[in-house]
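Q: fold the following.
(one chain, ligands or ions: 2)
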Amino acid sequence: MIKVSASIMCGNPMKFGEELRRLEDANVEMIHFDMMDGSFVPNIAMGLYLLEDMKKNTKIPFDVHLAAWEPSQYYERIAAAGVEYLSIHTEAVKHIHRDIQKINELGISAGVVLNPATTVNALQYIIEDIKMVTIMTVDPGFAGQKFIKSQLKKIREVKEMAQKYNKDLLISVDGNINKDTIPDCVKNGANVLVAGTSSIFKGDNANYKELVKEMKNSI
Ligand code: DX5
Ligand code: ZN
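A: Ligands and ions are numbered 1, 2, ... in the order given. Sure, this is the predicted structure:
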């Protein structure tokens with residue numbers, strides 16, 4: 001079953017409350033919450049206070065994408081906010097195996113994010129301990145970028161690993177995901193689609209329900 005994870009960073013920050021209602025109405029399966037430290041990626045986005053407040057204001061499960069160096073300094077606080085998934089970048093930690101154990105011990109589902117140049121070898125000894133792999137189909141940091149086609153091969157490789165070692169693995173694609181890029185992503189094995197500016201966040205008058213349907217009908 002394909003899930004849509006709405007990248008709330010692409011919503012109207014002046015109307016985040018309303019954005020949550022519109023996303024509930026559109027029956028998105030997850031909220032993709034991008035947290036950025038301005039150092040691991042050249043942008044700063046959505047801090048802990050906003051996470052805590054936003055999580056209190058909706059029942060939609062949260063898929064937190066933590067693009068930050070030394071992410072372990074935030075695990076307890078993010079877990080305390082009650083998020084369902086927390087994904088960290090393999091490139092941002094020294095001891096990824098230990099970090100994944102820490103996240104799982106906090107009672108939330110651990111995920112990892114792979115930047116465009118990172119190979120699936122990074123998953124070899126952790127794939128059985130995680131619930132989700134997020135494949136970056138743009139360079140992390142900003143919405144509105146162009147899809148990196150080379151990542152289609154990586155989706156297929158992750159799918160093949162999942163078939164062997166972790167059949168329930170969620171395989172998410174993040175960056176310029178829309179009705180044009182979805183078919184190839186899903187054909188290669190993606191089952192979570194991060195929806196940003198090129199799919200549903202198209203302004204205050206956009207019909208999110210229709211746009212989510214359009215995403216799912218494009219498969
Ligand atoms: C980029 C973020 C994405 C981004 C998606 O670093 O991880 O979630 O907001 O936005 P689009 O779909 O516009 O690329
Ligand atoms: Zn993201």
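
Q: residue 75 belongs to a helix, doesn't it?
A: Yes. When classified by DSSP: H, G, I helix; E, B strand; the rest coil, residue 75 is found to be part of a helix.

Q: can you count the residues close to it?
A: Neighbourhood size, residue 75 [other C-beta atoms under 10 Å]: 19. C-betas here are computed from N, CA, C, even on glycine.

Q: what's near enough to touch it?
A: Shown in contact with residue 75 (C-beta atoms under 8 Å, 6 or more residues apart in numbering): 86, 99, 102, 103, 106.

Q: kindly report the residues of the chain close to ligand 2.
A: When proximity is defined by C-beta under 5 Å from the ion, the chain lies next to ligand 2 at 34, 65, 174.

Q: filter the residues you listed down to just the ones in strands.
A: If you go by DSSP state E, the residues of the chain next to ligand 2 have 34, 65, 174 in strands.

Q: which one of these sits closest to residue 57?
A: Of all these, the one with the least separation from residue 57 (C-beta to C-beta) is residue 34, at 17.5 Å.

Q: ok, the residue nearest to the closest one when sequence neighbours are not counted to residue 159 distance?
A: The shortest distance from residue 34 to any residue that is not its chain neighbour, by C-beta to C-beta, 6 or more residues apart in numbering, is 4.3 Å, and that residue is residue 9. Distance from residue 9 to residue 159, counting by C-beta to C-beta, to the nearest Å: 27 Å.
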